[in-house]
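Student: Curious how this folds, go ahead:
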Amino acid sequence: MNKKIISVIIASALLLSLVACSKKVEIAGKTFDASKTYNIAISQSAERQSLDSIRKGLVIGMKDLGFLEDVNIKYIYENAKGNFNYASQIADVYKDNDADVIVTIGDISTAAMKDKIEDKPIVFAGVVNAEKLEYCDKEKNSLIPNMTGVIDSHLIMERLDYISVNYPNVKRLGIIYNSDNATSQYDVDYFKFYATAYDIDIYTVSIKKTDDIEKALDNILPKVDAIALINDYMVDDALDIVFERAEIDGKVVFGDEDEHLSKGAVVSSSRDYQLVGRKTAEQVVAIIKEKKKPNELKVEEIDFKIS
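Tutor: Okay, the predicted model is just below:
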């Protein structure tokens with residue numbers, strides 16, 4: 001065969017290879033590199049408006065960074081429905097799948113995935129007390145080789161300040177929580193620590209299951225001027241009962257997020273959880289595109305403000 005023809009064939013083959021490797025897809029005026037598809041496995045702790053918003057923010061953030069579902073990214077999604085055992089089962093499934101990155105949303109899914117998976121990158125979101133859980137140190141350096149993530153601020157002192165200024169007659173504040181939830185216990189401890197500075201007494205009662213909520217309300221409502229909600233999945237499953245009983249007793253309920261507001265709470269903090277999801281997307285992209293190891297990325301913090 002003529003050397004010139006051979007050269008043309010080789011050049012053509014190389015050109016086709018380059019085109020295949022740099023396949024571009026244009027959608028709605030935005031160009032996406034579709035030469036490789038990445039798999040993102042999401043485990044969400046519970047069905048909550050805040051956690052749903054984080055997931056939505058993640059998808060939006062990934063799109064903004066050049067990764068569109070069914071073009072160059074595929075999402076696998078499971079919801080633990082507030083059950084650690086189920087979250088652990090999801091972790092078992094994800095251990096054997098082909099996920100490039102696992103995203104955990106909320107404490108339950110994050111803890112379950114941490115216990116089960118060591119050889120795949122994990123990016124957590126919707127976790128508040130990452131330092132106490134030893135996911136990171138005070139400087140936000142990851143303490144677990146295959147994990148990093150995004151945390152959001154407590155605003156507990158700011159919430160107490162809001163209550164003190166706007167509801168000065170509230171001197172006894174009640175909190176119902178699941179004491180088996182490390183984050184809930186952490187929030188309660190912080191409420192107690194800061195409340196003394198505002199001359200507010202904190203009354204607490206813990207529950208082991210959602211069915212305990214009526215008894216807990218019987219216990220705490222006569223003792224307090226108001227109820228403060230924290231981000232506790234078990235209590236959130238009984239919000240309708242909490243608000244119904246609080247209204248009957250004439251007690252105001254202070255919320256901690258938009259879902260509480262939608263039920264009738266006075267919300268003293270405003271959180272745009274999509275921001276957490278978008279920041280999570282940045283870390284995912286750093287791992288899949290820039291080939292960063294999770295512990296090379298500092299844990300990021302979204303600093304929410306009181307509304």
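
Student: For the rest of this, base every contact and every neighbour count on C-alpha atoms.
Tutor: Noted.

Student: Roughly how far does the residue nearest to residue 46 when sequence neighbours are not counted sit from residue 43?
Tutor: Leaving aside its sequence neighbours, residue 46 sits nearest to residue 81 (Cα to Cα, 6 or more residues apart in numbering; 4.1 Å). As judged by Cα to Cα, to the nearest Å, residue 81 and residue 43 stand 10 Å apart.

Student: and the two? which has more neighbours close in?
Tutor: Shown here are residue 81 and residue 43; by other Cα atoms under 10 Å, residue 43 has more neighbours (27 against 16).

Student: Name the residues of whatever helix or strand the more buried one lives in that are buried.
Tutor: Per DSSP states H and E: residue 43 is located in strand 38-44. Within strand 38-44, the residues scored as buried using 16 or more other Cα atoms under 10 Å are 38, 39, 40, 41, 42, 43, 44.

Student: Ok, stretch 142-159 next?
Tutor: For stretch 142-159, the neighbour count (16+ other Cα under 10 Å) marks 142-143, 145-152, 154-157, 159 as buried.

Student: all strands for the protein, in order.
Tutor: Along the chain, counting by DSSP state E, strands occupy 24-27, 30-33, 38-44, 73-79, 101-105, 122-127, 147-152, 172-177, 201-206, 226-228, 252-255, 266-267, 300-302.

Student: Include mean pLDDT when you put those strands into JSON lines, please.
Tutor: Listed next are the strands of the chain as JSON lines, based on pLDDT from 0 to 100:
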{"stretch": "strand 24-27", "mean pLDDT": "83"}
{"stretch": "strand 30-33", "mean pLDDT": "87"}
{"stretch": "strand 38-44", "mean pLDDT": "97"}
{"stretch": "strand 73-79", "mean pLDDT": "97"}
{"stretch": "strand 101-105", "mean pLDDT": "98"}
{"stretch": "strand 122-127", "mean pLDDT": "94"}
{"stretch": "strand 147-152", "mean pLDDT": "93"}
{"stretch": "strand 172-177", "mean pLDDT": "97"}
{"stretch": "strand 201-206", "mean pLDDT": "97"}
{"stretch": "strand 226-228", "mean pLDDT": "97"}
{"stretch": "strand 252-255", "mean pLDDT": "93"}
{"stretch": "strand 266-267", "mean pLDDT": "78"}
{"stretch": "strand 300-302", "mean pLDDT": "88"}
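
Student: Which one of those strands lies nearest to residue 218?
Tutor: strand 201-206 (10.3 Å; Cα to Cα).

Student: who touches that closest one?
Tutor: Contact with strand 201-206 is made by 171-179, 191-192, 195, 216, 219-220, 223-224, as judged by Cα atoms under 8 Å, 6 or more residues apart in numbering.

Student: how much does it deviate in direction from strand 172-177?
Tutor: Calculated by axes from the mean of the first three to the mean of the last three Cα atoms, to 10 degrees, strand 201-206 forms an angle of 20 degrees with strand 172-177.

Student: Where does pLDDT dip in the chain?
Tutor: 1-22, 154, 268-271, 304-307 (pLDDT under 70).

Student: Report the central residue of it.
Tutor: residue 126 (2.1 Å; Cα atoms, centre = their mean).

Student: could you list every residue that touches it?
Tutor: Residues near residue 126 by Cα under 8 Å, 6+ apart: 51, 54, 105, 106, 107, 150, 151, 152, 276.

Student: Could you rerun that using 6 Å?
Tutor: Residue 126 makes contact with 105, 106, according to Cα atoms under 6 Å, 6 or more residues apart in numbering.

Student: The one 3 residues further on now?
Tutor: Taking Cα under 6 Å, 6+ apart as the criterion, residue 129 is in contact with no other residue.
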